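Novice: 3D, please:
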Amino acid sequence: MRGVMRTKAEPQAPPALPRPPAEVNEDDVYAGVYERDTDVRYEYLDGRLFVREAASLRHEQIFSFLNALFRVYCEERGGALAIGSHYAMRLDARWSPEPDLLVLRPERRHLAGPKRLEGPADLVIEIVRESDPGYDVRLKLPRYRQARVPEIWTIDPLAQLLRMEVWEPNGYRLETLSGGRLAPTVLPGFWLDLAWLWQDPPPSVLACLRQILA
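Specialist: The predicted model follows:
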């Protein structure tokens, strides 16, 4: 009986990500044309599609914590609206960024449609990507400033820093914070202890809300 020679199968390379088309139509973006038959998600920036990479565990922990904290607070106090994270903020026909979290004052809730927000939010929060820390700063923040988003937070989990930009008559006032309490100008009564963001895992949302609502 002849021996049977067995060879190990060569590892297969993962399939390449589909390349976004060079010419992009805004209506097709909102119709989901470019995401059909694929698990890839895109973000529509400056008339082009950018692949949204999978988020890290740390990114998602911070996002989930903030999303719950803002959303429940808005439900309990004042009727503001907090939305995250794959909801487009349409600034014009070429720009529909999807912030990690956005907040709308009660009087502007009517601008939130089924598929997109018409115009800038009152507060935009971006959590820096570990795989590409400059993505949001390089591509999205300049457009947020051009649109005069009233308040912008950029959270860097690795550096444990939060960069807050608040629009004032003479331009944006910038603060870079690592600790202490932070109260957004657009959401009266709400505050955030920055130490909560750097805890791994984050603290109990319910326990933190009890402190804020006390």
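
Novice: ok, residue 101 - how many residues close by?
Specialist: The burial count assigned to residue 101 is 24, neighbours taken as other CB atoms under 10 Å. (Glycine included, C-beta is placed from N, CA and C.)

Novice: could you tell me the per-residue confidence at it?
Specialist: What the model reports for residue 101 is a pLDDT of 97.

Novice: who's in contact with the longest helix belonging to the chain?
Specialist: Of all the segments assigned as helix in the chain under DSSP state H, the longest by residue count is helix 57-76. Outside helix 57-76, the residues within contact range by CB atoms under 8 Å, 6 or more residues apart in numbering are 55, 80-82, 84-85, 100-101, 103, 125, 127, 129-130, 155, 157, 187, 190, 192, 196-197, 200-203, 205, 208-209, 212-213.

Novice: so which of the residues you listed are in helices?
Specialist: When helices are assigned by DSSP H, the members of the contacts of helix 57-76 inside them are 196, 197, 205, 208, 209, 212, 213.

Novice: mind listing the strands for this structure?
Specialist: For the chain, the strands defined by DSSP state E occupy 42-45, 48-51, 81-83, 88-90, 101-104, 116-118, 123-127, 151-156, 161-168, 171-177, 181-182, 192-193.

Novice: pLDDT at residue 32, what is it?
Specialist: At residue 32, the pLDDT value in this model is 82.

Novice: whoops, I mixed them up, residue 116
Specialist: Model confidence at residue 116, given as pLDDT, is 95.

Novice: equivalent analysis for residue 87, please.
Specialist: As predicted, residue 87 sits at a pLDDT of 93.

Novice: hmm, back to that, which among the contacts of helix 57-76 end up buried?
Specialist: 55, 80-82, 84-85, 100-101, 103, 125, 127, 129, 155, 157, 187, 190, 192, 196-197, 202, 205, 208, 212 (16 or more other CB atoms under 10 Å).
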